[in-house]
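Trainee: Give me a model of this one.
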Amino acid sequence: MSRPILDEPKLHSSIREKVGTYQADILREVQTAVRDNDVVVVGMRINPVPKRAIKALKAAGVKHVYLEYGSYFSEWRRRLALKMWSGWPTFPMVFVKGALIGGADETEKLIASGELTKLIDDKPKTKSESKSETN
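Mentor: Below you'll find the model as predicted:
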């Protein structure tokens, strides 16, 4: 899958650094959490949908980390950077083992099907395991 994004040569050289570093602190924070935790939910105050995802994860006994960024009118610029980075248009953003799985609807579906547990329990193969399978 390829997502449309404006090619760097199409950005005037005077704005490339600004585009490349826009809200870099929030991106680093989320990327670090996603790297260090099996399940991460990124949401915002007041919005009931992130709460729904968290409730579903808790009911399923899934340990997770929750990052909250503002409400509808506060920190929207920071959240915009996350939307631009991920390509996901709404909150919550739920990450499992480093991959974006979607929002609350998708999380609930994966829990109901049992696939979420499989995703969490899947351990990445070591180089030697991968090598022995090809022999």
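Trainee: in this structure, which spans are strands?
Mentor: Counting by DSSP state E, one finds strands in the chain at the ranges 39-43, 65-68, 93-96, 99-102.
Trainee: The longest one packs against which elements?
Mentor: Same thing as strand 39-43. For strand 39-43, the packing partners by 3 or more C-beta pairs under 8 Å, 6 or more residues apart in numbering; DSSP states H and E come out as helix 24-36, helix 48-59, strand 65-68, strand 93-96. Bear in mind the C-beta positions are built from the backbone N, C-alpha and C, glycine included.
Trainee: Turn the strands of the chain into JSON lines, columns for distance to residue 118 and mean neighbour count.
Mentor: Shown next, in JSON lines, are these (distance: least, C-beta to C-beta, whole Å; neighbours: other C-beta atoms under 10 Å):
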{"stretch": "strand 39-43", "distance to residue 118": "13", "mean neighbour count": "24"}
{"stretch": "strand 65-68", "distance to residue 118": "20", "mean neighbour count": "16"}
{"stretch": "strand 93-96", "distance to residue 118": "10", "mean neighbour count": "25"}
{"stretch": "strand 99-102", "distance to residue 118": "12", "mean neighbour count": "16"}
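Trainee: Including distance to residue 58, could these go into TSV?
Mentor: Below are the strands of the chain laid out as TSV (distance: least, C-beta to C-beta, whole Å):
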stretch	distance to residue 58
strand 39-43	11
strand 65-68	10
strand 93-96	13
strand 99-102	17
